[in-house]
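In: Sequence and predicted structure, then a few things I'm wondering about:
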Amino acid sequence: MKIALVFATASLRRGTRLKHFMVPPHCLQILGATTPQEHHVVVYDEYHRLAPGDLDADIVGISVWTAAANRAYQLADRIRARGLPVVLGGPHVTLCPDEAQAHADCVVVGEGEGVWPTVLEDFQRGRLKKRYIGEALPLSATPDADWKCVSTSDYVLSASVSTSRGCVNRCWFCFESSRRGAGFRQRPLDMVLREIEARSSRVVAFIDNDLLADRAYAARLLTALIPMNIHWLGMTTIGAADDEKLLDLLAASGCRTLYIGFESVNAECLNEVGKGWNKVESYIRNVRRLHDRDIMVNGSFVFGFDNDDHGVFRRTVDFGIEARLETATFTILTPYPGTLLYKKLQREGRILDRDWAHYDTTRAVYLPKRMSPEELEAGYFQAYGDFYSWPSIRTRCRWGEPGFSKRLLLNLAYKKMEPLYRFLGRSVRAGWSRPVMDWFAKPNGRLWTESGRGSRPR
């Protein structure tokens, strides 16, 4: 049986296309791994190329994020009009199953890998149900992602690994705040290490929401990575840098870049969405601790909290420049359906726009408290312009410092080359850049300090 799995695309107004070139969609690789071997699976990542109009498959599965829901539904309707059955799943379908049901022969609510073999078996026997509920399995029962079903030449990295699923926190604006039942779970460490070894790559991306959430587990993982001599990227919280022993392990294990959700430089904003454990007063100190260990920081910030005023954009950019963040990602607060934020704004009658295509974190789909939606969007775009201006880049990437060329390249690739990505569209084959990534991920040879004269060897 031929099975097509599609990761539906969203039309991002400002989204950074580079991130879609990094690693393939892990959710569909997991489904591919759980598919019985007698079937043939192909994954279409629509951020690289759209699913063909004459899709050749016996059954089609489509993974749906909120911003991609419109595209996913249109695609599903077109495929079903040709007589092919469609299964819809993913985060948006889990939160809006009745809506999705109108565009599918079957919907999967929850985590799919536990029920996917059953879906396929029922389909083959002609008894496909309208809805399946996927229970959260122990991650020891979840197989490694199947890389054979994706075109790895599309991506910069040929190895992405997860050590956990879910999150220990419930920030109001995050999809994780909508989860019911099992929350944060971890994979057995031996499974993670085996998968890393099997990928045979010098650069690995950990795709966990917070790789360091369980400090004891993290310490065992980092210690095991040291003799593997790899370099890696991951996500965590800025509070992890409170623990300098943990930071030393990060550096020794090959950590080169961390994506960190600062979210706001205003403590009141953090408190209002359940992220008060982020301590603004320690931001600068902790970023410098990471820099002292040759670890680059991609900071993530959200605009549009109830305590945000017109000055938040300038204050956030000024912080990023003072902290000398290598890169920054800005988003507009977005009330995804089912989240605690969505429920709050819905109660208050403040949701203005229910077009899912606009839920791409670049639009104000609700009524902010201290500015208009138009002012929020304008400030968002201005923040990007200011942070990636040449004066800002020159301040954050100083000539003569170790790693100067890498930081400069990162800024150019992340934002300055965005018009080129848009011009090339979905035709980019990013695999050619792996030697560049290997060079980028190598340590700079010495730690850099605020003066740029660090000398402690790696």
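Out: Structure's in. What do you need?

In: pLDDT below threshold where in the chain?
Out: The chain contains residues with pLDDT under 70 at 12-19, 177-178, 180-182, 415-428, 430-432, 445-458.

In: Which stretches in the stretch 1-150 of the chain count as strands?
Out: Using DSSP state E, counting those that start in this stretch, the strands of the stretch 1-150 of the chain run over 2-7, 40-45, 59-63, 86-89, 106-110, 131-134.

In: How about residues contacting the lengthiest helix in the chain?
Out: For the chain, the helix with the greatest residue count under DSSP state H is helix 373-387. For helix 373-387, contacts defined as C-beta atoms under 8 Å, 6 or more residues apart in numbering pick out 14, 301, 303-304, 310, 312-314, 316-317, 320-321, 328, 330-332, 352, 362-364, 366-368, 371, 392, 415. (Glycine included, C-beta is placed from N, CA and C.)

In: Mind giving me the ChimeraX select for those residues, buried ones only?
Out: Buried members of the contacts of helix 373-387, defined by 16 or more other C-beta atoms under 10 Å, are picked up in ChimeraX with:
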select :14,301,303,304,312,313,316,317,320,321,328,330,331,332,362,363,364,366,368,371,392,415
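
In: In helices, which of the contacts of helix 373-387 fall?
Out: By the criterion of DSSP H, membership of those in helices covers 312-314, 316-317, 320-321, 392.

In: a markdown table for the residues you listed, including distance to M22?
Out: What follows is those, written out as a markdown table (distance: C-beta to C-beta, whole Å):
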| residue | distance to M22 |
| --- | --- |
| V312 | 29 |
| F313 | 27 |
| R314 | 30 |
| T316 | 24 |
| V317 | 25 |
| G320 | 21 |
| I321 | 25 |
| S392 | 23 |
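
In: Among these, give me the pair with the biggest separation.
Out: Spatial extent of those (C-beta to C-beta) is set by the pair V312 and S392 at 17.1 Å.

In: D243: which of the ones in helices among the contacts of helix 373-387 is nearest?
Out: Among those, G320 lies closest to D243 (C-beta to C-beta), at 23.5 Å.

In: what's near enough to touch the closest one?
Out: 299, 301, 328, 387, 392, 396.

In: Please apply the same query to R179.
Out: Counted by C-beta under 8 Å, 6+ apart, R179 has contacts G166.

In: Quickly note the distance from it to S162.
Out: R179 sits 16 Å away from S162, going by C-beta to C-beta, to the nearest Å.

In: right, and the helix or strand after the helix or strand where C269 lies?
Out: Using DSSP states H and E, C269 falls within helix 267-272. For helix 267-272, the following helix or strand on the C-terminal side (DSSP H and E) is helix 283-292.

In: Enumerate the positions of that next one that are buried.
Out: Buried, per 16+ other C-beta under 10 Å, within helix 283-292: 283, 286-292.

In: Now distance to A205 too, for the residues you listed, in CSV please.
Out: Shown next, in CSV, are these (distance: C-beta to C-beta, whole Å):
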residue, distance to A205
Y283, 24
N286, 22
V287, 21
R288, 25
R289, 22
L290, 18
H291, 21
D292, 23
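
In: for these, which one is nearest G126?
Out: Lowest distance from G126 to the buried residues of helix 283-292 (C-beta to C-beta) belongs to L290, with 56.5 Å.

In: right, and the closest one touches V297 too?
Out: Yes - using C-beta atoms under 8 Å, L290 is in contact with V297, at 5.6 Å.

In: Residues that sit against both of these two, list them.
Out: Joint contacts of L290 and V297 (C-beta under 8 Å, 6+ apart) are L258.

In: How is this structure divided into domains?
Out: Domain segmentation of the chain under automatic domain parsing yields 2-140, 156-441.

In: mind putting the ones you listed in JSON lines, distance to K148 included?
Out: Listed next are the domains of the chain as JSON lines, based on distance: least, C-beta to C-beta, whole Å:
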{"stretch": "domain 2-140", "distance to K148": "8"}
{"stretch": "domain 156-441", "distance to K148": "12"}
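
In: Ok, which of those domains comes nearest W147?
Out: Evaluated with C-beta to C-beta, the domains of the chain place domain 2-140 nearest to W147, the distance being 6.6 Å.

In: Alpha carbons of the longest helix of the chain, as CSV, please.
Out: Output of helix 373-387 as CSV, limited to C-alpha atoms (Å, rounded to 0.1, in the frame of the first residue of the first chain):
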residue,chain,number,x,y,z
PRO,A,373,-3.8,45.8,16.7
GLU,A,374,-2.3,48.0,14.0
GLU,A,375,0.2,49.5,16.5
LEU,A,376,1.2,46.0,17.7
GLU,A,377,1.9,44.8,14.2
ALA,A,378,3.8,47.9,13.3
GLY,A,379,5.9,47.6,16.4
TYR,A,380,6.7,43.9,15.7
PHE,A,381,8.0,44.7,12.2
GLN,A,382,10.0,47.7,13.5
ALA,A,383,11.6,45.5,16.2
TYR,A,384,12.9,43.1,13.5
GLY,A,385,14.1,46.0,11.4
ASP,A,386,16.0,47.6,14.4
PHE,A,387,17.5,44.4,15.7
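
In: buried residues in that helix?
Out: For helix 373-387, a neighbour-count test (16+ other C-beta under 10 Å) marks 373, 376-377, 379-380, 383-384, 386-387 as buried.

In: Likewise for stretch 396-416?
Out: In stretch 396-416, counting by 16+ other C-beta under 10 Å, buried: 396-397, 401-403, 406-408, 410-411, 413-415.

In: Just flag the most distant two among those.
Out: P402 and K415 (22.8 Å).

In: isn't Q124 right next to I3, touching?
Out: No - counting by C-beta under 8 Å, Q124 sits too far from I3 to count as a contact (11.1 Å).

In: neighbour count winner among the two?
Out: Comparing Q124 with I3 by other C-beta atoms under 10 Å, the one with more neighbours is I3, at 23 against 14.

In: what's the closest non-adjacent residue to that one?
Out: Setting aside the residues directly before and after it, I3 is nearest to V41 in space (C-beta to C-beta, 6 or more residues apart in numbering), at 4.8 Å.
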